[in-house]
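1. quick one, structure for this:
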Amino acid sequence: MTSKDDLFDTAKLSPRDKAAAIDTTARAIITAEAEAGEKKTEKLRALHLQQEAEAPTAAPAKKRRTAPKSASSS
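-> Numbers count the residues shown, from 1 in each chain. Below you'll find the predicted structure:
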């Protein structure tokens, strides 16, 4: 059977130690998210370059300009 002491650390941390633990954890999370974002960007950039290489290099069709509609006076 587990007791409350087994699940929770009952030792009190000083405010400085608590702040240091939070700071370390936060920095680790931020670093991990930044690395994941960089990996995603690299992957998307590679896919974009691959699509550009596979796509034909035809110029986009020019749109026709339509004459502006004249206001009808009644």
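2. mind listing the helices for the chain?
-> Using DSSP state H, the helices of the chain run over 4-7, 15-54.
3. please identify the most buried of the ones you listed.
-> Among the helices of the chain, helix 15-54 has the highest mean neighbour count (mean count of other CB atoms under 10 Å), at a mean of 10. (Glycine included, C-beta is placed from N, CA and C.)
4. pLDDT averaged over that helix, what's the number?
-> Mean pLDDT, computed over helix 15-54, is 96.
5. need the helices of the chain in JSON lines with distance to residue 64, can you?
-> Shown next, in JSON lines, are the helices of the chain (distance: least, CB to CB, whole Å):
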{"stretch": "helix 4-7", "distance to residue 64": "73"}
{"stretch": "helix 15-54", "distance to residue 64": "27"}
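6. which among these is found nearest to residue 63?
-> Ranking these by proximity to residue 63 (CB to CB) places helix 15-54 first, at 22.4 Å.
7. quick check: chain neighbours aside, which residue is closest to residue 21?
-> Once flanking residues are discounted, residue 21 sits nearest to residue 13: 7.3 Å by CB to CB, 6 or more residues apart in numbering.
8. and residue 48, how far is that from residue 42?
-> Residue 48 is 11 Å from residue 42, where distance means CB to CB, to the nearest Å.
9. wait, residue 25
-> In this view, residue 25 and residue 42 are 26 Å apart by CB to CB.
10. can you check residue 29 too?
-> 21 Å.
11. check residue 4 too.
-> 47 Å.
12. how much space between residue 34 and residue 22?
-> 18 Å.
13. apologies, that question was intended for residue 28.
-> Distance check for residue 28 against residue 22: by CB to CB, it reads 11 Å.
14. backbone dihedrals for residue 65, please?
-> Per-residue torsions, residue 65: phi -90, psi 130 (degrees, to the nearest 10).
15. in contact with it, which residues?
-> By CB atoms under 8 Å, 6 or more residues apart in numbering, the contact set of residue 65 is empty.
16. per-residue pLDDT, it?
-> Value for residue 65, per-residue pLDDT: 79.
17. just residue 71 next, same as before
-> 66.
18. and what of residue 7?
-> Looking at residue 7, the pLDDT reads 74.
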